[in-house]
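Asker: give me coordinates for this.
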Amino acid sequence: MNDRDEQRVHLHHLADELHQHGFVTELTSNISKPYLQVANSGTPTLNERVLCHQDENEAWLFWWPWKQPIGSVDDLPSVVEKIAAVLKSVEGV
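Answerer: Next up is the predicted model:
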C-alpha cells in the first residue's frame, strides 16, 4: 500500500468515528495530499481540515493544517476528543 492509500484508510476510519460523535465529514482523497473536512453539525461554520501523514519517526498521525499533530491513528478516541474541543460551539458568545 502506498502512502496516499494509507492516508485514505486512516482518514476514512477517523470519519467513521467522527460520524458516531455527530460531526459532518467530507473526505477529499483524489489529490496528492488527502484530507478530511470536519464540521460541527450544529454550527457548520466551525470546521477544519485534518490531514494524515507520518512524523519523523515514521509513526502515522493526524495533523492540523498548521502542522500541529493531533494524535496517533491508533488512538481515535483521543483524536476525536481533541477535534471536538477545537470545533466546540460556545453558546452566548
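Asker: for the chain, what spans make up the strands?
Answerer: With strands called from DSSP state E, the chain shows them at 23-28, 35-40, 47-54, 60-63, 69-72.
Asker: redo those as CSV? Include mean neighbour count.
Answerer: For every residue, glycine as well, the C-beta is placed using N, CA and C. Below are these laid out as CSV (neighbours: other C-beta atoms under 10 Å):
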stretch, mean neighbour count
strand 23-28, 16
strand 35-40, 19
strand 47-54, 18
strand 60-63, 19
strand 69-72, 17
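Asker: wait, which of the ones you listed is closest to Val79?
Answerer: Across these, Val79 has its closest neighbour in strand 69-72 (4.2 Å, C-beta to C-beta).
Asker: please identify the pairing partners of that closest one and their relative orientation?
Answerer: Partners of strand 69-72 in the sheet, by DSSP bridges, are strand 60-63 (antiparallel).
Asker: average pLDDT for the partner strand?
Answerer: For strand 60-63, mean pLDDT rounds to 98.
Asker: which residues does it contact?
Answerer: For strand 60-63, contacts defined as C-beta atoms under 8 Å, 6 or more residues apart in numbering pick out 6, 10, 14, 50-55, 69-74, 79.
Asker: let's go with 6 Å and repeat that
Answerer: 50-52, 54-55, 69-73, 79 (C-beta atoms under 6 Å, 6 or more residues apart in numbering).
Asker: do stretch 16-33 as well
Answerer: 8, 11, 15, 35-39, 41, 76, 80.
Asker: as CSV, the residues you listed with distance to Gly22 would be great.
Answerer: Formatted as CSV, the contacts of stretch 16-33 follow (distance: C-beta to C-beta, whole Å):
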residue, distance to Gly22
Arg8, 23
Leu11, 18
Ala15, 13
Tyr35, 20
Leu36, 15
Gln37, 15
Val38, 11
Ala39, 10
Ser41, 5
Leu76, 15
Val80, 10
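Asker: check pLDDT for those residues and point me to the minimum.
Answerer: Ser41 (90).
Asker: residues contacting that residue?
Answerer: Contacts of Ser41 by C-beta under 6 Å, 6+ apart are 22, 24.
Asker: at 7 Å instead, please
Answerer: With contact taken as C-beta atoms under 7 Å, 6 or more residues apart in numbering, Ser41 is in contact with 22-24.
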